[in-house]
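Undergrad: let's see this in three dimensions:
(4 chains)
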Protein chains: 2
Amino acid sequence: MKLSTRNNIAPTLHDRAYERLKSALMTSAFPPGHKVTIRGCADALGMSTTPIRTAINRLVTEGALEMPSSRTVRVPIPTIEHLQEVTQLRLLMEPMATKAAVLRIDEDTLQKLEDHQIQMASAAARSDFKKYLALNGAFHFTLYEASQMLVLCRIIETLWQQVGPYLYLLEPSMRGIEFHAEALRAIRSGDADAAAAAIHSDIRRAADHLMAMLAKEPAAATTEPAE
Amino acid sequence: MKLSTRNNIAPTLHDRAYERLKSALMTSAFPPGHKVTIRGCADALGMSTTPIRTAINRLVTEGALEMPSSRTVRVPIPTIEHLQEVTQLRLLMEPMATKAAVLRIDEDTLQKLEDHQIQMASAAARSDFKKYLALNGAFHFTLYEASQMLVLCRIIETLWQQVGPYLYLLEPSMRGIEFHAEALRAIRSGDADAAAAAIHSDIRRAADHLMAMLAKEPAAATTEPAE
DNA sequence: ATTTATTTTTTGTGGTCACAATTTATGATG
DNA sequence: CATCATAAATTGTGACCACAAAAAATAAAT
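TA: Okay, here's the model as predicted:
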């Protein structure tokens, strides 16, 4: 999951701020609707407001944060329609990246995928949710980056960022790496279509689960009233 | 082509800077490789460096501008591989948006599409290249926005932004709205698949044309040496 | 004339501040 | 207890500046 716009360039302060905020969002460290302020983050991360402002602005344009009014930035509040659209797009893009990746993947990357798979099982066993999410992301993105389709990978990344806030709903039932195993087998045997199908199923299953959770919980259980 | 992250909120200075820079990029006002500096734009647009910095940063993260080294930002230099990838993605996303749009489009929007079509023909007749490009974009995006798939529209927009610098290659031979006419007929008759196919052909044709031009001209004819 | 070393200029970054808009807290009134 | 007007605190925006890094220009040497 290392996909900076500034390749092999010394990271600036706002790059670091961006990375830290993003990983917080992607492991649902903040509940939906949680307000994010420039000065608050600046204090928390121990830096000035300038780099934070840049990072927050970027996350807003990427859809990882929401700006409901001109002076409020918050963690997006889950919506069934939004989840459906993002899922539809993910089901299109990620199998595509998978297919391309299978054709170009090398042994090192395959090994890395298997490592992630093993560690993910261990994190699930320890009920370490944040670690589990991080490893799940690492698995998918090391696969996708093997496609060498940079534009596609960036798009997929923004899609993931948009579902980050939803993932807190998954915490109770953290499992489901059977499709990863299936994908790994298919990748090893060079079967691009089977690998794409496995990734498709993985996304589908997780999305259905989220959808069910979201239907039960009508945007409640957030710290804020949420408009 | 009005798709701000801050809907119906008073536009800030950096919003305006972003819009002006983007439209300049999308009508190939600057040649590929042209360097873009914060202070230069600030002087040109008559504002301070702060909003310009925000706008340029955003365009870099969206791929509309390139940052080859930590202190240089330039208009991206066309690459066959990049054009191929973006085209592949456009051929996937834009027909998808078209299909969804046909199911939801209303009479007003259809009327707007036909207006754009007529004006585009007139711009082509007058050899007004910038106007032609702007209207072409307006046609496609009023169609896509009718799909009401906001996430998809944002993705398509970033794809367009990435091919903006390539379009200067099209200036000599500016035409080809026959597929728009075909798409319009299909939309009117509610044939989503036919409309998607027409848009597909439109993208395919333009991309092939660009590819041919790019093959002829090996990244030359830019004002800068271009690495 | 060409390459290399050095100086000068340009450029992005990040810190701080004033300001206006907005949100939140407060208090009065019914 | 609820409602609304008012005041206080908070917040994003944009301007400006100092600084270091990088790029460009200049000078020196071969």
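Undergrad: can you list the residues of chain A near DNA strand D?
TA: Within chain A, the residues that sit near DNA strand D (CB under 7 Å from any atom of the strand) are A:10, A:36-40, A:49-50, A:53, A:56-57, A:70-73. All C-beta spots, glycine's among them, are computed from the backbone N, C-alpha and C.
Undergrad: and the gap between residue A:88 and chain B?
TA: 8 Å (CB to the nearest CB, to the nearest Å).
Undergrad: and if you look at residue A:28?
TA: From residue A:28 to chain B the distance is 19 Å (CB to the nearest CB).
Undergrad: could you look up the SS state of residue A:173?
TA: On the three-state scheme (DSSP: H, G, I helix; E, B strand; the rest coil), residue A:173 is labelled coil.
Undergrad: chain A: helices as residue ranges?
TA: A:13-26, A:38-45, A:49-61, A:80-104, A:107-125, A:129-145, A:150-163, A:178-188, A:192-216 (DSSP state H).
Undergrad: residues of chain A that sit close to DNA strand C?
TA: A:12-14, A:35, A:47-51, A:54, A:69-72.
Undergrad: okay, now the closest residue to residue A:116 other than its chain neighbours: neighbour count?
TA: Spatially, and ignoring its direct neighbours in sequence, residue A:116 is nearest to residue A:139 (4.2 Å; CB to CB, 6 or more residues apart in numbering or on different chains). Using other CB atoms under 10 Å in any protein chain shown, residue A:139 has 24 other residues around it.
Undergrad: what about the closest residue in space to residue A:114 that isn't next to it in sequence, how many neighbours?
TA: Leaving aside its chain neighbours, residue A:114 sits nearest to residue A:184 (6.4 Å; criterion: CB to CB, 6+ apart). For residue A:184, the neighbour count with other CB under 10 Å is 20.
Undergrad: same check, this time on residue A:37
TA: By other CB under 10 Å, neighbour count at residue A:37 equals 16.
Undergrad: surely it touches residue A:73?
TA: Yes. Using CB atoms under 8 Å, residue A:37 is in contact with residue A:73, at 7.2 Å.
Undergrad: circling back: what subset of the residues of chain A next to DNA strand D is buried?
TA: Buried by 16 or more other CB atoms under 10 Å in any protein chain shown: A:36, A:37, A:38, A:53, A:56, A:57, A:73, out of these.
Undergrad: chain B: which of those is nearest?
TA: residue A:57 (6.1 Å; CB to the nearest CB).
Undergrad: list the contacts of the residue nearest the centre of chain A.
TA: For chain A, residue A:160 is the residue whose C-alpha lies nearest the centre (CA atoms, centre = their mean; 3.6 Å). Listed by CB atoms under 8 Å, 6 or more residues apart in numbering or on different chains, the contact set of residue A:160 reads A:26, A:137, A:140.
Undergrad: which one of those is nearest to DNA strand D?
TA: Nearest to DNA strand D among the contacts of residue A:160, counting by CB to the nearest atom of the strand, is residue A:26 at 20.3 Å.
Undergrad: pLDDT wise, what is the closest one at?
TA: We have a pLDDT of 92 for residue A:26.
Undergrad: which non-adjacent residue is nearest it?
TA: Nearest one to residue A:26, counting by CB to CB, 6+ apart, is residue A:164 at 4.4 Å.
Undergrad: before we move on, what about residue A:80?
TA: residue A:214 (5.7 Å).
Undergrad: hang on, isn't that neighbour packed against residue A:78?
TA: Yes. Shown here, residue A:214 and residue A:78 form a contact pair, counting by CB under 8 Å, at 5.6 Å.
Undergrad: tell me the gap between stretch A:105-120 and the middle of its chain.
TA: 18 Å (CA atoms, centre = their mean, to the nearest Å).
Undergrad: mean confidence for it?
TA: 95.
Undergrad: show residues contacting that stretch.
TA: A:131-132, A:135-136, A:138-139, A:142-143, A:146, A:177, A:180-181, A:184, A:187-188.
Undergrad: now the closest residue to residue A:23 other than its chain neighbours: how far from residue A:28?
TA: In space, and not counting its chain neighbours, residue A:23 is closest to residue A:134: 7.4 Å by CB to CB, 6+ apart. Between residue A:134 and residue A:28 the computed distance is 11 Å (CB to CB, to the nearest Å).
Undergrad: so what's residue A:37 up against?
TA: Residue A:37 sits in contact with residue A:73, where contact means CB under 8 Å, 6+ apart.
Undergrad: and it, what's its pLDDT?
TA: pLDDT, residue A:37: 96.
Undergrad: now it: phi and psi?
TA: phi -110, psi 150 (degrees, to the nearest 10).
Undergrad: wait, residue A:99 sits on residue A:198?
TA: No. In this structure, residue A:99 is not within contact of residue A:198 by CB under 8 Å, at 11.4 Å.
Undergrad: higher neighbour count, those two?
TA: residue A:198 (23 against 16).
Undergrad: could you pull up the residues touching the more buried one?
TA: With contact taken as CB under 8 Å, 6+ apart, residue A:198 is in contact with A:179, A:180, A:182, A:183, A:186.
Undergrad: please repeat the previous calculation with a cut-off of 6 Å.
TA: Counting by CB atoms under 6 Å, 6 or more residues apart in numbering or on different chains, residue A:198 makes contact with A:179, A:182, A:183, A:186.
Undergrad: just put these in TSV and tack on pLDDT and neighbour count.
TA: Formatted as TSV, the contacts of residue A:198 follow (pLDDT from 0 to 100; neighbours: other CB atoms under 10 Å in any protein chain shown):
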residue	pLDDT	neighbour count
A:179	87	18
A:182	94	17
A:183	95	27
A:186	97	20
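Undergrad: what is the nearest of those residues to DNA strand C?
TA: residue A:183 (37.6 Å).
Undergrad: could you find the closest non-adjacent residue to that closest one?
TA: In space, and not counting its chain neighbours, residue A:183 is closest to residue A:198: 3.8 Å by CB to CB, 6+ apart.
Undergrad: what are the neighbouring residues in contact with the closest residue to residue A:94 other than its chain neighbours?
TA: If the residues on either side of it in the chain are set aside, residue A:94 comes closest to residue A:199, at 5.5 Å by CB to CB, 6+ apart. Residues near residue A:199 by CB under 6 Å, 6+ apart: A:94, A:95, A:98, A:183.
Undergrad: let's go with 8 Å and repeat that
TA: A:94, A:95, A:98, A:140, A:143, A:179, A:183.
Undergrad: quick revisit: report pLDDT for the residue nearest to residue A:26.
TA: pLDDT, read off for residue A:164, is 90.
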